[in-house]
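Visitor: 3D, please:
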Amino acid sequence: MENSPRITLLLSQFLTLYKNNLNALLARNDIDLTTEMSTVLAILWKKDKRKQQEIADILLRDKGGITKIINNLEKRGLVKRVADEADARTKIIALTDTGKDLEKQVDPLSRGLLEKALGNIDEEVLATTRYALNQMIQQLK
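Guide: Numbering: from 1, shown residues only. The predicted structure is shown next:
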């Protein structure tokens, strides 16, 4: 597989550039978040009130790795931990009103950055790329 190292390098470069650009956009707009925090918020904006393990599973990270991010979001008043009605030992991560409102500021920035990155790439090429990336992810799980 001659192209394998090149693919991993390209993926790494894209992620680095995306994170750096998004962090800069957030800072320029006085939004005190990192890309990791905004990613967790985006998961909650799509569907609020998730178990921490569910968030970790979506991000393919261990639960402990997500704890620090959630702690930082909680300190900023953007999320709160609430007891799961089915199991009080389990905590549900829920958006606060401030966390919900922040979507109006962050979503346009992240969408704009992604549109800039995608530029005028043909939709068929994007569909093939999404398919290939999903296949790669599934094969490594």
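Visitor: Go ahead and flag the most central residue of the chain.
Guide: residue 39 (2.2 Å; C-alpha atoms, centre = their mean).
Visitor: three-state assignment of residue 30?
Guide: Secondary structure assignment for residue 30 (DSSP: H, G, I helix; E, B strand; the rest coil): coil.
Visitor: hang on, residue 44 packs against residue 93?
Guide: Yes - assessed by C-beta atoms under 8 Å, residue 44 is found in contact with residue 93 at 6.7 Å. All C-beta atoms are positioned from the backbone trio N, CA, C, and that covers glycine.
Visitor: what is in contact with these two at once?
Guide: Counting by C-beta atoms under 8 Å, 6 or more residues apart in numbering, the contacts common to residue 44 and residue 93 are 50, 55, 79.
Visitor: and the second one, which of the three is it?
Guide: For residue 55, the secondary-structure state derived from three-state DSSP is helix.
Visitor: mind listing what residue 69 touches?
Guide: 36, 37, 40.
Visitor: Grab the nearest non-local neighbour of the last one.
Guide: Translated: residue 40. The spatially closest residue to residue 40, leaving aside those adjacent along the chain, is residue 69, at 5.3 Å (C-beta to C-beta, 6 or more residues apart in numbering).
Visitor: in which helix or strand would I find that neighbour?
Guide: helix 63-75 (DSSP states H and E).
Visitor: just how off-centre is that helix within its chain?
Guide: 13 Å (C-alpha atoms, centre = their mean, to the nearest Å).
Visitor: cool, stretch 125-139 as well?
Guide: 18 Å.
Visitor: and what of stretch 130-140?
Guide: 18 Å.
Visitor: Can you list the neighbours in contact with it?
Guide: residue 60.
Visitor: same check, this time on stretch 42-62
Guide: 39-40, 63, 65-67, 70, 79, 82, 84, 90-95, 99-100, 103, 106-107, 110, 137, 141.
Visitor: Make a PyMOL selection of the buried ones in those.
Guide: To isolate the buried members of the contacts of stretch 42-62 in PyMOL, using 16 or more other C-beta atoms under 10 Å:
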select buried, resi 39+40+66+70+79+91+92+93+95+99+103+106+110
